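> Provide a 3D model corresponding to the input given below.
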Amino acid sequence: MNRPAALASAVLLAAQAAAAQEAAAPLKQNWFDDPFFRISTGLPACTPPEGPFYTAEERRAQTHSRLERGTSCWLAGKCADSNAYRYDKPLAPKVRAALLAVPGVRNGSVWVVIQRRWVYLQGCVPSAALARKLERAARAVPDVETVVPDLMIGTRGKPPYRVAGQ
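Alright, predicted model coming up:
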């Protein structure tokens, strides 16, 4: 086989392999640019959450409900903005600061997702007391509507959140 033909064949095989891999595991990304960040790394064996990463199909399925949920806050008179998701980026640094101020937070491995003024605490903490302190700290941040404490005590067992790579 001549060199150009061999190169073309290699490129074709690489493209087929990439297409097969994509079909096997669809690309996930943070389509809605939701705040997602890690607060601490004290329990390295903690299973990381997936975060707000979705396939293109999941994105399409969520688009309508996100529009509806974002607007319903405004229609109910709970938001000054017509889209509750617009609060999320300005909330992120405030939530981060509040959580980092909690004594003992560095002993856990905690991630945060913020969607429509809801704060999801995910990861592992060494005690239920720390989980409660983190929940209270996030709830005290102005404009936070709800806090969902998806935290495990320790690192053993099935996490109460979707894990990375699923």
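> Pick out the residue nearest the middle of this structure.
residue 51 (2.2 Å; CA atoms, centre = their mean).
> Just the strands from this structure, written as ranges.
36-38, 109-115, 118-125, 146-153 (DSSP state E).
> Let's see stretch 107-126 as CSV, backbone CA atoms only.
Extracted in CSV, the C-alpha atoms of stretch 107-126 (Å, rounded to 0.1, in the frame of the first residue of the first chain):
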residue,chain,number,x,y,z
ASN,A,107,-12.2,17.4,56.3
GLY,A,108,-14.8,16.4,53.7
SER,A,109,-15.0,16.2,49.9
VAL,A,110,-17.8,18.5,48.9
TRP,A,111,-19.1,19.7,45.5
VAL,A,112,-21.8,22.3,44.8
VAL,A,113,-24.3,22.6,42.0
ILE,A,114,-26.5,25.6,41.8
GLN,A,115,-29.7,25.5,39.6
ARG,A,116,-32.6,28.1,39.9
ARG,A,117,-31.5,29.2,43.3
TRP,A,118,-31.4,25.6,44.6
VAL,A,119,-28.0,24.6,46.1
TYR,A,120,-27.1,20.9,45.8
LEU,A,121,-24.4,19.8,48.3
GLN,A,122,-22.9,16.6,47.0
GLY,A,123,-20.0,14.4,48.2
CYS,A,124,-18.7,13.0,51.5
VAL,A,125,-18.4,14.4,55.0
PRO,A,126,-16.9,12.8,58.1
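> Ignoring the adjacent residues along the chain, who's closest to the residue nearest to the centre of the chain?
In space, and not counting its chain neighbours, residue 51 is closest to residue 36: 4.3 Å by CB to CB, 6 or more residues apart in numbering. Every C-beta, even on glycine, is put in place using the N, C-alpha and C of the backbone.
> Could you verify my assumption that the one you found touches residue 30?
Yes - counting by CB atoms under 8 Å, residue 30 is a contact partner of residue 36 at 6.5 Å.
> joint contacts of these two?
Residues touching both residue 36 and residue 30 by CB atoms under 8 Å, 6 or more residues apart in numbering: 51-52.
> Those two: which has the busier surroundings?
Neighbours per residue, other CB atoms under 10 Å: of residue 36 and residue 30, the larger number sits with residue 36, 19 against 14.
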